[in-house]
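Engineer: Next one to model:
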Amino acid sequence: MAEPSKEVYELQYMLRKIAQITGEPPLINPDGVYGEDTREAVRAFQARSGLPKTGEVNKATWDAIFEKYKESIYMVSRAEPIYPFPSYSYTSQSGERSDIIVLIQLILSALAVVYDDFEDIVISGENDEVTREALKRFQGYNGLPQTGVLDKRTWDAAAKSFNAYYNHPHYSS
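Structural biologist: Coordinates of the predicted model:
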């Protein structure tokens, strides 16, 4: 068996990142060894890029892989997070109508699959009794004071729960 090399590992790493972002070439695990999986991933990349399908990496193939890798990294880094929570001192008020209430209603509605005793939350933007009761239950599940008031700690817990749920491989909506 061939000894692993840093150069092959780097190639495999770039091909893997490209595959994760674009879906092609076949996903490989970097191990530093230029085996048949790597050769097949290179062939698939070459075919998609209009290069001769040799399975070997020459300068043209390396340059094309490196350019596609840079594009893939750029595609990932373009996404900008949003920070909708108004301020650290904000707390929701009963009857309030606002975008932040719409967002927490959306989050709680999505999490209703996980916390299956939430009532149906209507996305109205109004901090109504159903929303406050869902907030209380959510706060209780997360070890927070059960006030039914949306504050920074509750928002952070909801965002963390939503992100964990959304990033779970079985998420389906």
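
Engineer: what stretches of this structure score poorly on pLDDT?
Structural biologist: 1, 75-81, 119, 167-173 (pLDDT under 70).

Engineer: the domain parsing of it - what is it?
Structural biologist: 6-77, 99-166 (automatic domain parsing).

Engineer: Output the ones you listed in CSV; the columns should cover mean neighbour count.
Structural biologist: C-betas here are computed from N, CA, C, even on glycine. Converted to CSV, the domains of the chain look like this (neighbours: other CB atoms under 10 Å):
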stretch, mean neighbour count
domain 6-77, 16
domain 99-166, 16
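
Engineer: Using a markdown table, lay out these together with distance to Pro86.
Structural biologist: Output for the domains of the chain, formatted as a markdown table (distance: least, CB to CB, whole Å):
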| stretch | distance to Pro86 |
| --- | --- |
| domain 6-77 | 27 |
| domain 99-166 | 6 |
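
Engineer: From the contact counts, what lies against the strand or helix carrying Thr154?
Structural biologist: Assigned by DSSP states H and E, Thr154 belongs to helix 152-166. Where contact means 3 or more CB pairs under 8 Å, 6 or more residues apart in numbering; DSSP states H and E, helix 152-166 is packed against helix 99-111, helix 129-141.

Engineer: In CSV: these, plus distance to Lys59.
Structural biologist: CSV is the format used below for the helices and strands packed on helix 152-166 (distance: least, CB to CB, whole Å):
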stretch, distance to Lys59
helix 99-111, 48
helix 129-141, 56
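
Engineer: of all those helices, which lies closest to Glu24?
Structural biologist: Across the helices and strands packed on helix 152-166, Glu24 has its closest neighbour in helix 99-111 (30.7 Å, CB to CB).

Engineer: and stretch 97-113, how far from the chain's centre?
Structural biologist: 19 Å (CA atoms, centre = their mean, to the nearest Å).

Engineer: Please disregard the earlier target; I meant stretch 30-48.
Structural biologist: Chain-centre distance of stretch 30-48: 26 Å, with CA atoms, centre = their mean.

Engineer: Name the residues that touch it?
Structural biologist: With contact meaning CB atoms under 8 Å, 6 or more residues apart in numbering, stretch 30-48 is reached by 1-6, 8-9, 11-13, 15-16, 18-19, 24-26, 28-29, 51-57, 61, 64-65, 68.

Engineer: now stretch 89-105
Structural biologist: 84-86, 121-128, 131-132, 135, 149-152, 155, 158.
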